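Engineer: Whatever this is, show me its structure:
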Amino acid sequence: SRGLGDVYKRQTDNNAIRRIDLSVNPVEVSTLAFDVPLNAPSTVAIVGNTIVIAESSSASFYAGTLGGNPIALDVLVGRNENAGSADSTTGLSARFDEPSDLSMLVNAPDTLYVADLGNEVVRTIDLASAELAVETLPQDYSLVSSIRLASNMDRLFVMVAETGRTLIHSLNVGASPVTIDETAEFPSAFLEGIAEFEGFVYAAEPNNSLIKRMNVSTGDVELFAGVLGENNVADGPISVARFRRPYALVGCAGDLYLAESSESASVLESHVIRKIDFSQDPTVVTTIAGFATCLLYTSDAADDLLCV
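Structural biologist: Presented below is the predicted three-dimensional model:
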């Protein structure tokens, strides 16, 4: 597992990035302050002591050093202009369209992978180059409604939602050109959040309140947690735990964390962070932050989690 004990949560509707401190019990939640207002942040990454924030509205990326109060943000890639699809040896000249997710390989932290949903591709930002060169990987994913990324030590996992199914591609990014080594299919499922953890790629299926997973070694897929048709928040052993529209997943400090966020104002909503503790036998699910029965409608459905 990765991370020293902090989980960060992006909230698009609130234009906020929140920090969850896992080192204390109960956990502490705080909102990061920035010197400029955020405008619908679409995805976030932590690179060393730097926070990188993408905005789909401006198709630009901003960066700042953690620890400041407020954190000063500068344009990293893009120029807060119109969306586009241009690669460039100079990051400020590159153009994106709806960046939806970010990921890095543990063994290659100088390359930032970007899910560019509007262009239906995955692109790279070379953080080691002085000009932050941007390139597009050769694979394209036509007619998709979602692109999500996860990674382990040396492999990138790209999850794409197509009509009637979701695919998870395992990319060998060390090859030239980059190749797809394996593809797992989840038929009749729309999956949203994705995280690699201890040899599995976990994915959230919000519409059915399920957690599914793919074995990285074999490519086999299976239902991990939840019961089809049971849309509820219930803690306990994994066999009895229930979920309400899980959307985001992250492995952190030896455990798996997930965020739940309902979209309908007509039902009880779930705006919670849950912990899946694999150190216990059987595995146990607990709610560590938020409210499971909230009638206030805030659409945080596309929010994600990351760990540092």
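Engineer: Please make it C-alpha for all contacts and neighbour counts, starting now.
Structural biologist: Noted.
Engineer: Outside of stretch 173-184 itself, which residues are in contact with it?
Structural biologist: For stretch 173-184, the surrounding residues in contact (CA atoms under 8 Å, 6 or more residues apart in numbering) are 137-138, 154-156, 167-172, 214, 219-221.
Engineer: Out of those residues, who's the most crowded?
Structural biologist: Of all the contacts of stretch 173-184, Ile168 has the most neighbours under the rule other CA atoms under 10 Å, reaching 25 neighbours.
Engineer: and that one, what does it touch?
Structural biologist: Contact criterion CA under 8 Å, 6+ apart gives Phe157, Val158, Met159, Val160, Thr183, Ala184, Glu185 as the residues in contact with Ile168.
Engineer: Sheet partners, orientation included, of whichever strand or helix holds it?
Structural biologist: When elements are assigned from DSSP states H and E, Ile168 belongs to strand 165-172. Strand 165-172 has its sheet partners listed here by DSSP bridges as strand 156-162 (antiparallel), strand 179-187 (antiparallel).
Engineer: where in the stretch 151-300 of the chain is pLDDT low?
Structural biologist: Scanning the stretch 151-300 of the chain for pLDDT under 70 picks out 262-270, 291-300.
Engineer: show me where it has strands.
Structural biologist: Secondary structure of the stretch 151-300 of the chain by DSSP state E, counting those that start in this stretch: the strands cover 156-162, 165-172, 179-187, 194-197, 200-205, 210-215, 221-225, 236-237, 246-252, 255-261, 269-277, 284-294.
Engineer: now the angle between strand 200-205 and the second one, please.
Structural biologist: With axes from the mean of the first three to the mean of the last three CA atoms, to 10 degrees applied, the angle from strand 165-172 to strand 200-205 works out at 150 degrees.
Engineer: tilt between strand 165-172 and strand 210-215?
Structural biologist: For strand 165-172 against strand 210-215, the angle by the same axes, to 10 degrees is 30 degrees.
Engineer: contacting residues around the nearest residue to Tyr247 once chain neighbours are set aside?
Structural biologist: Closest residue to Tyr247 apart from its sequence neighbours, by CA to CA, 6 or more residues apart in numbering: Gly193 at 5.0 Å. By CA under 8 Å, 6+ apart, the contact set of Gly193 is Arg148, Ala203, Ala204, Glu205, Pro246, Tyr247, Ala248, Leu249, Asp304.
Engineer: got the CA positions of the host helix or strand of the first one in PDB?
Structural biologist: Assigned by DSSP H and E, Arg148 belongs to strand 146-151. Taking C-alpha atoms only, strand 146-151 is exported to PDB below (Å, rounded to 0.1, in the frame of the first residue of the first chain):
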ATOM      1  CA  SER A 146     -15.800   8.100 -18.300                       C
ATOM      2  CA  ILE A 147     -12.000   7.600 -18.100                       C
ATOM      3  CA  ARG A 148     -10.400   6.800 -14.700                       C
ATOM      4  CA  LEU A 149      -6.800   5.900 -13.900                       C
ATOM      5  CA  ALA A 150      -5.000   3.900 -11.300                       C
ATOM      6  CA  SER A 151      -1.400   2.600 -11.000                       C
END
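Engineer: Tell me which other helices or strands it touches.
Structural biologist: Applying 3 or more CA pairs under 8 Å, 6 or more residues apart in numbering; DSSP states H and E, we find strand 146-151 packed against strand 99-105, strand 108-116, strand 156-162, strand 194-197.
Engineer: 6 Å - rerun?
Structural biologist: When contacts are defined as 3 or more CA pairs under 6 Å, 6 or more residues apart in numbering; DSSP states H and E, strand 146-151 sits against strand 156-162.
Engineer: Pretty sure Gly118 sits in a strand.
Structural biologist: No: with the criterion set as DSSP: H, G, I helix; E, B strand; the rest coil, the secondary structure at Gly118 is helix rather than a strand.
Engineer: Give me the neighbour count for it.
Structural biologist: Burial of Gly118 is recorded as 20 neighbouring residues (other CA under 10 Å).
Engineer: Tell me the one of the contacts of Ile168 nearest Met104?
Structural biologist: Taking CA to CA as the measure, Met104 lies nearest Phe157 of the contacts of Ile168, at 10.5 Å.
Engineer: For that closest one, give me its contacts.
Structural biologist: The neighbourhood of Phe157, defined by CA atoms under 6 Å, 6 or more residues apart in numbering, consists of Leu149, Ala150, Ser151, His169, Ser170.
Engineer: repeat that for 7 Å
Structural biologist: For Phe157, the contacting residues are Leu149, Ala150, Ser151, Ile168, His169, Ser170, Leu171, by CA atoms under 7 Å, 6 or more residues apart in numbering.
Engineer: hmm, back to that, save the strands paired with strand 165-172 as TSV, and put in distance to Asp281 too.
Structural biologist: Written out in TSV, the entries for the strands paired with strand 165-172 read as follows (distance: least, CA to CA, whole Å):
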stretch	distance to Asp281
strand 156-162	28
strand 179-187	28
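Engineer: Alright, that wraps it up for me.
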